[in-house]
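Colleague: the sequence and its predicted three-dimensional model are supplied below.
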Amino acid sequence: MSDAPRPARPSFDAALAIIREQSASLGVETVGLLDALHRVTAGDGIAASDYPRFDAAAMDGFAFAAADTVGATPKQPAHLPIAGSVRAGISPTTHAPRTACRISTGAPVPAGCDYVLPHEEARIEQGALVLDRPLLPGRNVRRRGEDAAAGARVLSPGTRVTPEIIGALACYGVAALDVARQPSITLLPTGDELLVPPSVERPAAIFDANSVMLTALLRAQGIEPRRALPVSDDVAQLERAIAAASDSAIVVTTGGASGGDHDHLGRALARLGARVHFHGVRMRPGKPLLFATLPNGTLFFGLPGNPVAALLGARFFLGAALRVMSGLPPECGETVEIDTDRRPDTTLFLKASRDAAGAIRILADQRSHTLRPLIEANCWVVADTTSDGERRRVYPLT
Ligand SMILES: Nc1nc2c(c(=O)[nH]1)N[C@H]1C(S)=C(S)[C@@H](COP(=O)(O)OP(=O)(O)OC[C@H]3O[C@@H](n4cnc5c(N)ncnc54)[C@H](O)[C@@H]3O)O[C@H]1N2
Ligand code: MOO
């Protein structure tokens, strides 16, 4: 058992509150548009250019002024001689009244034209477009600035940047964005079973799944963590490895968090002079989770080794700190009515799948070493009891 003092175990909500209290914004930086992917905006996104940049044809066909069709009938159609053509990328051209010009999709509609007739609808006789009814202006013309006008506020602060947002901003000529600074993070897997790759000669070795999984989880938030080499279940080595990692703003270990004979995390942190905010949370899986501050101010998350517990710890606890650092509000989940297992005084995290109709199914295998159900899962159901009674909340998987 660890000799380190054990503060009382908080509830899940209380533990999150402690983490939020210990976390602070890291400020703002300007990054190139593509580098903003998965990051959180720290200011408004402003369109640098009108989009569309000019009145443009939405179809290949013929451009002309709708006014030139006034009074046209099948018996007395308007004849608009076809004069010239405009292609995409060609600067807007002048247009002689009572003529039509060939135009391709994306080409600037010549000044004076306000109608584009698709070529498959066109009747051409002796080099003139024949129109046998009056037409209303605007058809197949994309108006300048109709999606976004230069200077328009198109993005608010606190938005997670997606590929779609990057696409829109690229249309609007935005080349850089202000985003919240991200912390540097070192992932430190612990456990003798990780020190050598699994092989026939090493039947008790396992693959280090946790640091791979957490790297993926962080990349999805625009953070590239440093992955330290696995460290053995030895207090001195653990102490050294944590000290070496503490140049990062956040250190995350996996394994060695519970009170087993070889779980030395508590002892290593005591030797380092860390301030342990809690060791153990009234939740399952993830009960042995530890949160501390190292003497230099680095935040420390000691996640349990079981992969589901490690994932939950990163998803909800490290995630809570990252949200504060990114200027995002706390997650509150969606309250739902669903009958699940319950455990007194414990928050249960259940792998679940929600179908297109919104029906939630709790998956059969809830053990904390099995990730296979998470291939099928798309949400967590979080079950606990409040003073108002049983509560069930749904959270996205990541
Ligand atoms: N007597 C008790 N035993 C255990 C308790 C308990 O309360 N009393 N709690 C159990 C719970 S709950 C958990 S969670 C685990 C967590 O313990 P540790 O954080 O000390 O983790 P380890 O013992 O080091 O490892 C647990 C499990 O996970 C595997 N592991 C570790 N690292 C990785 C990795 N990087 N990738 C994949 N898998 C990893 C490890 O081999 C173990 O199988 O303790 C229970 N025991
Ligand atoms: O807390 Mo443990 O996470 O149930 O396996």
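Modeller: Received it, and whenever you're ready, just let me know what you need. Numbers count the residues shown, from 1 in each chain. Ligands and ions are numbered 1, 2, ... in the order given.
Colleague: show me where pLDDT drops low in this structure?
Modeller: 1-7, 260, 262-263 (pLDDT under 70).
Colleague: near ligand 2, which residues of it? Just list them.
Modeller: Where proximity means C-beta under 6 Å from any ligand atom, the interface of the chain facing ligand 2 comprises 284, 285, 286, 287, 288, 304, 306, 309, 368. Where C-beta positions appear, they are placed from N, C-alpha and C, glycine not excepted.
Colleague: the same query, at a cut-off of 8 Å, please.
Modeller: Neighbours of ligand 2 within the chain, by C-beta under 8 Å from any ligand atom: 258, 283-289, 304, 306, 308-309, 312, 367-369.
Colleague: now the end-to-end length of stretch 259-278.
Modeller: Across its full length, stretch 259-278 reaches 14 Å between end residues, using C-alpha to C-alpha, to the nearest Å.
Colleague: for the closest residue to ligand 1 within the stretch 101-250 of the chain, the count of nearby residues, please.
Modeller: Closest to ligand 1 within the stretch 101-250 of the chain is residue 210: 3.4 Å, counting by C-beta to the nearest ligand atom. Neighbour count of residue 210, defined by other C-beta atoms under 10 Å: 28.
Colleague: out of the residues of the chain next to ligand 2, which end up buried?
Modeller: Buried residues within the residues of the chain next to ligand 2, defined by neighbour count using 16 or more other C-beta atoms under 10 Å: 258, 283-289, 304, 306, 308-309, 312, 368.
Colleague: out of the residues you listed, which are inside strands?
Modeller: 283, 284 (DSSP state E).
Colleague: format the buried ones among the residues of the chain next to ligand 2 as a markdown table; extra columns: distance to ligand 1.
Modeller: As requested, these are exported to a markdown table (distance: C-beta to the nearest ligand atom, whole Å):
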| residue | distance to ligand 1 |
| --- | --- |
| 258 | 4 |
| 283 | 10 |
| 284 | 7 |
| 285 | 6 |
| 286 | 7 |
| 287 | 5 |
| 288 | 5 |
| 289 | 8 |
| 304 | 3 |
| 306 | 4 |
| 308 | 8 |
| 309 | 4 |
| 312 | 10 |
| 368 | 6 |
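Colleague: out of the buried ones among the residues of the chain next to ligand 2, who's nearest residue 165?
Modeller: Ranked by distance to residue 165 (C-beta to C-beta), those are led by residue 312 at 28.2 Å.
Colleague: my guess is the closest one contacts residue 285. True?
Modeller: Yes: between residue 312 and residue 285 there is a contact under C-beta atoms under 8 Å: 6.3 Å.
Colleague: ok, now which ones touch residue 138?
Modeller: 66, 114, 115 (C-beta atoms under 8 Å, 6 or more residues apart in numbering).
Colleague: cool, and residue 108?
Modeller: Residue 108 sits next to 54, 55, 56, 86, 90, 91, 92, 93 when contact means C-beta under 8 Å, 6+ apart.
Colleague: spatially nearest residue to the fifth one (excluding sequence neighbours)?
Modeller: Taking C-beta to C-beta, 6 or more residues apart in numbering as the measure, residue 90 lies nearest to residue 107, with 6.4 Å between them; neighbours along the chain are not counted.
Colleague: alright, that wraps it up for me.
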